[in-house]
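**Q** attaching a predicted model along with its sequence, questions to come.
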Amino acid sequence: MEVDQIALSPEDLPKKWYNIVPDIPGGLPPPKEPDDGESRMEALKRRLVGECLKQEMSTSSWVDIPEEIRELYIHAGRPRPMYRALRLEKRLGLKKARIYYKREDLSPTGSHKVNTAIAQAYYAAKEGKHTLVTETGAGQWGTALSYAASLMGMKTVVFWVRAVYDWKRERRLLMQMYGAEVHASPSDLTAFGRRLLSEDPKHQGSLGIAVSEGLEFTDLEGGRVYCLGSVLNHVLLHQSVIGLETIKQFELVGDSPDVVIACLGGGSNFGGVALPFLGEVLQRKRKCEFIAAQSEAAPNLIKGEYRYDFGDTAGHTPLMKMYSLGHDTPMTPIMSDGIRYHAAAPIISALKSKGYVKAIAYPADEMLVFEAARTFLETEGWLIAGESAHAVRAAMDEARRAESKGEERCILVNISGHGFLDLDAYRHKMKA
Ligand SMILES: *Cc1c(COP(=O)(O)O)cnc(C)c1O
């Protein structure tokens, strides 16, 4: 019997998250205050979940996952399986290259974002908050947080980039069914939103603008707290559960990846799967390469400059050292909007600057990536998100390249989400 699913049981769920910060050569450049306005660090203390802010600054390599969060992870389907892509390998005619994929699409709301949403909602409830406020781009984060809040009996207010809010009606409904209040951004609920709408009543919004609105909205009433779905250290910390499980899964089959590939917008699914492996590379316990798959619509690691920049358009966040395209640079919406963000996480950026992370970007018309997603569907049978399709395309390209050189190559790719609520994107991008 040829078994292609590599499963773990609930007892195998990691008990600690991995924090790569103390292992980064030369350390992580700290956040900075901009020259003008209020202290952004003080503002964060007011707006973010206290425990998350503590984790943001943590210098411990390992952070205990509270028992209650582990229970919720298991309830939400963790540990998630890894698969060997036998049918895809056959289609590609691979003899020496092997492809494995990790299944973060098998989550209640369809993406890896549930891993940090559950943790953030749990800590917020413990700190007595009643409302979670957030931004969302493609909608996956807003859905994940609404779900996590509903588990904890809390409410979510979501500021959703208008360009996407208007066409993803099913996803909007799902958030509302989880009890969320969903607003198109820019909205008239904040001064910043009203200003943008007065300049352009049909303003399409952006992720940076939605973050600015959410932060401002959080300040307007007590009991509200702001949650972020990517970029920050604590988000990457929570996501490390992906890679920690995957390390165990490779041990089970007696194999080991030569390259880890994931798509990258802000860097949370890439960081989640890659950093536990990368930590072992830094500790000289393992050899492995890392490739971030991006869109030419937002190639922050490739065209961005490594410098201090804001995380949002209005400049409410501290300055963080990141590969950035500029916090107010307009970027054209794409179908895979979850990877359209102006900057890469400080942790990923630091590791990129030291040469540990490579990046590749696919054309913004998305034809190549949806073609890869279609091949994945035809062979492996799973409908993946357009964002994840960037990673699958990169894995297929990497496999073909290795095969043509007769190289042994073990490739791990992370499937960050499913495409069931984004089928429209497929309709637009399929040739027939
Ligand atoms: C949000 C999202 C991404 C991109 O975000 P990262 O923070 O870079 O991981 C990728 N895939 C899916 C399915 C998403 O929801």
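**A** Thanks, I have it. This structure is a prediction, so every number in the text was calculated from the model and none was measured.
**Q** from the stretch 301-432 of the chain, which residue is nearest to the ligand?
**A** Relative to the ligand, the nearest point of the stretch 301-432 of the chain is residue 417 (2.5 Å; C-beta to the nearest ligand atom). (Glycine included, C-beta is placed from N, CA and C.)
**Q** got the phi/psi numbers for that residue?
**A** Torsion angles at residue 417 (phi, psi; degrees, to the nearest 10) stand at phi -170, psi 170.
**Q** tell me, how many neighbours does it end up with?
**A** Applying other C-beta atoms under 10 Å, we find 30 other residues in the vicinity of residue 417.
**Q** mind checking how far it is from residue 382?
**A** 11 Å (C-beta to C-beta, to the nearest Å).
**Q** picking up where we left off before, could you pull up the contacting residues of the residue of the stretch 301-432 of the chain closest to the ligand?
**A** Counting by C-beta atoms under 8 Å, 6 or more residues apart in numbering, residue 417 makes contact with 104-105, 107, 110-113, 140, 338, 384-385, 387-388.
**Q** so which of those reach the ligand?
**A** Applying C-beta under 6 Å from any ligand atom, the subset of these adjacent to the ligand comprises 111, 113, 140, 338, 385, 387, 388.
**Q** turn the residues you listed into CSV, columns for secondary structure, neighbour count and pLDDT.
**A** As requested, those are exported to CSV (DSSP: H, G, I helix; E, B strand; the rest coil; neighbours: other C-beta atoms under 10 Å; pLDDT from 0 to 100):
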residue, secondary structure, neighbour count, pLDDT
111, strand, 28, 98
113, coil, 31, 98
140, helix, 28, 95
338, helix, 31, 91
385, coil, 29, 97
387, helix, 30, 97
388, helix, 33, 98
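**Q** which two among these are spaced furthest apart?
**A** Taking every pair in those and measuring C-beta to C-beta, the maximum separation is 12.5 Å, between 113 and 388.
**Q** picking that back up, give the residues shared as contacts by residue 417 and residue 382.
**A** Counting by C-beta under 8 Å, 6+ apart, the residues touching both residue 417 and residue 382 are residue 105.
**Q** hang on, residue 66 packs against residue 122?
**A** Yes. A contact is recorded between residue 66 and residue 122 when judged using C-beta atoms under 8 Å, the distance being 7.1 Å.
**Q** ok, those two, which is more surrounded?
**A** With other C-beta under 10 Å as the criterion, residue 66 and residue 122 differ in neighbour count, and residue 122 comes out ahead with 20 against 14.
**Q** check contacts around the residue nearest the centre of the chain.
**A** Averaging the C-alpha coordinates of the chain gives a centre point, and the residue nearest to it by C-alpha atoms, centre = their mean is residue 268 (3.5 Å). Contacts of residue 268 were listed using C-beta under 8 Å, 6+ apart, and they are 112, 113, 116, 229, 230, 231, 235, 236, 239, 345.
**Q** how about 7 Å then?
**A** When contacts are counted by C-beta atoms under 7 Å, 6 or more residues apart in numbering, residue 268 touches 116, 229, 230, 235, 236, 239.
**Q** just the pLDDT for it.
**A** Per-residue pLDDT puts residue 268 at 98.
**Q** same question, residue 423
**A** According to the predicted model, the pLDDT of residue 423 comes to 89.
**Q** ok, and the closest non-adjacent residue to the residue of the stretch 1-150 of the chain found nearest the ligand?
**A** Closest to the ligand within the stretch 1-150 of the chain is residue 140: 3.0 Å, counting by C-beta to the nearest ligand atom. Across the structure, with C-beta to C-beta, 6 or more residues apart in numbering as the measure, the residue nearest residue 140 apart from its sequence neighbours is residue 111 (4.2 Å).
**Q** just the strands from the stretch 101-250 of the chain, written as ranges.
**A** Using DSSP state E, counting those that start in this stretch, the strands found in the stretch 101-250 of the chain span residues 131-136, 155-161, 181-185, 224-226.
**Q** any chance of JSON lines for the ones you listed, columns mean pLDDT, distance to the ligand and mean neighbour count?
**A** Output for the strands of the stretch 101-250 of the chain, formatted as JSON lines (pLDDT from 0 to 100; distance: least, C-beta to the nearest ligand atom, whole Å; neighbours: other C-beta atoms under 10 Å):
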{"stretch": "strand 131-136", "mean pLDDT": "96", "distance to the ligand": "9", "mean neighbour count": "27"}
{"stretch": "strand 155-161", "mean pLDDT": "96", "distance to the ligand": "12", "mean neighbour count": "26"}
{"stretch": "strand 181-185", "mean pLDDT": "98", "distance to the ligand": "16", "mean neighbour count": "22"}
{"stretch": "strand 224-226", "mean pLDDT": "97", "distance to the ligand": "17", "mean neighbour count": "24"}
